[in-house]
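> model the following, please.
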Amino acid sequence: MPGMSDSITSKWNARYTYSGASIPAPAEVLSRGEQWLPSTERSIVDSQIQVAGRDESPPRAEQVCALDLACGRAGNAYWLAKKGFTVSAWDISQTVIDEINSRQSAVFADVQVRDVALSGMFFTLFNLGSGAMSIDNRFFKMRKAVNWDVLGLLLRFSLAMVFIVAGFFGGFAKIATFFTPQLLLAAIGLLLIFGNDKVIRAAGLAVVAVMLWYMAQKLNVDKSIISNLNGIKREFALGACGGVLLMLGGGTLFTLPDLISRSKRYIAELRGTNVTTA
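Next up is the predicted model:
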């Protein structure tokens, strides 16, 4: 669980230990906005949530996947699975992960303890596959088509959470602010989420600059090379995420222009439904 402090992990473990064990209802945005979800195109009977280390049914060629980050007791994950999605659920708390894995239910969850920021990056890298100059691609030609709108959304949200938490909660213990003003960090995080393509690329450049500045401040000539590199490995990865967004953008899903467009379509459909009903 790289990058997460013991105090934060302990807080959430304690919260889940003493707050009951019932599965919550899904978020209202899911239950009321079901028509906006992609079609799973397969029987609900065949749906599953994969369990870490085991697979409850043979893998299917066509799967519509969902990732529930900071899943808690997996109310959203279970709801999505019942709708036919193949769901992975991640959370910082080992307590809630163990609780979900122990449930004897027809639907199980692939739940893992993850650092959300780096996990989003690794999930994106896994789906992108080997690079154009990699040995795998040179010998096996394993290139595959990817939906960058979806992967870009995951990458920029994962990175944005780091900056938003640092920007708004930097005064709390063990919340890194990267030797950077909190207002600037919060602004970068919000731009990563809501900006258009050019704004996201600019925010990606700002991420690279912040991480380079922080790493420069962290280097110590009295420490060994290995010790110095170990102290900035997470920041190096976050800077690399910013570099990817700088070069490729972050897609268009759930940017401010996309949200405005979706809202207009939803209002138009709602008005059309009301006219038809009347």
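
> what's the first helix or strand after the helix or strand of the chain with the lowest mean pLDDT?
Lowest on mean pLDDT, DSSP states H and E among the helices and strands of the chain sits strand 110-113, with a mean of 55. Going down the chain from strand 110-113, the next helix or strand is helix 116-128, by DSSP states H and E.

> can you list contacts of that following helix?
Outside helix 116-128, the residues within contact range by C-beta atoms under 8 Å, 6 or more residues apart in numbering are 2-3, 67, 69-70, 90, 92, 146, 151, 154-155, 157-159, 161-162, 234, 237-238, 240-241, 244. (C-beta placed from N, C-alpha, C; glycine too.)

> how does it look with 7 Å?
Applying C-beta atoms under 7 Å, 6 or more residues apart in numbering, the external contacts of helix 116-128 come out as 2-3, 67, 69-70, 90, 146, 151, 154-155, 157-159, 161-162, 234, 237-238, 241.

> before we move on, what about stretch 200-211?
Residues contacting stretch 200-211 (C-beta under 7 Å, 6+ apart): 156, 159, 178, 180, 188, 191-192, 195, 235, 238-239, 241-243, 245-246, 249-250.

> in terms of helices and strands, where is residue 89?
Here residue 89 is assigned to strand 86-91, by DSSP H and E.

> buried sites along that strand?
Of the residues in strand 86-91, 86-91 count as buried by neighbour count, 16 or more other C-beta atoms under 10 Å.

> what's the answer for stretch 147-161, then?
148, 151-161.

> can you add distance to residue 77 and pLDDT and give the buried residues of strand 86-91 back as CSV?
Below are the buried residues of strand 86-91 laid out as CSV (distance: C-beta to C-beta, whole Å; pLDDT from 0 to 100):
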residue, distance to residue 77, pLDDT
86, 11, 84
87, 5, 86
88, 8, 84
89, 4, 84
90, 10, 83
91, 10, 83
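
> for the protein, just list every one of the helices.
6-17, 28-32, 75-82, 94-102, 116-128, 135-140, 148-169, 182-194, 197-218, 225-231, 233-248, 256-277 (DSSP state H).

> could you find the closest non-adjacent residue to residue 27?
Leaving out its chain neighbours, the residue that sits closest to residue 27 by C-beta to C-beta, 6 or more residues apart in numbering is residue 76, at 5.7 Å.

> measure the one you found to residue 222 for me?
48 Å (C-beta to C-beta, to the nearest Å).

> equivalent analysis for residue 101, please.
44 Å.

> got it, and residue 247?
36 Å.

> so for these two, which sits in the more crowded spot?
residue 247 (9 against 6; other C-beta atoms under 10 Å).

> just send the helices of the chain back as JSON lines, with mean pLDDT and distance to residue 63 too.
Output for the helices of the chain, formatted as JSON lines (pLDDT from 0 to 100; distance: least, C-beta to C-beta, whole Å):
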{"stretch": "helix 6-17", "mean pLDDT": "75", "distance to residue 63": "29"}
{"stretch": "helix 28-32", "mean pLDDT": "84", "distance to residue 63": "19"}
{"stretch": "helix 75-82", "mean pLDDT": "88", "distance to residue 63": "12"}
{"stretch": "helix 94-102", "mean pLDDT": "83", "distance to residue 63": "20"}
{"stretch": "helix 116-128", "mean pLDDT": "76", "distance to residue 63": "13"}
{"stretch": "helix 135-140", "mean pLDDT": "71", "distance to residue 63": "23"}
{"stretch": "helix 148-169", "mean pLDDT": "91", "distance to residue 63": "14"}
{"stretch": "helix 182-194", "mean pLDDT": "95", "distance to residue 63": "27"}
{"stretch": "helix 197-218", "mean pLDDT": "95", "distance to residue 63": "28"}
{"stretch": "helix 225-231", "mean pLDDT": "88", "distance to residue 63": "37"}
{"stretch": "helix 233-248", "mean pLDDT": "92", "distance to residue 63": "25"}
{"stretch": "helix 256-277", "mean pLDDT": "84", "distance to residue 63": "25"}
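
> please consider this matter closed, and thank you.
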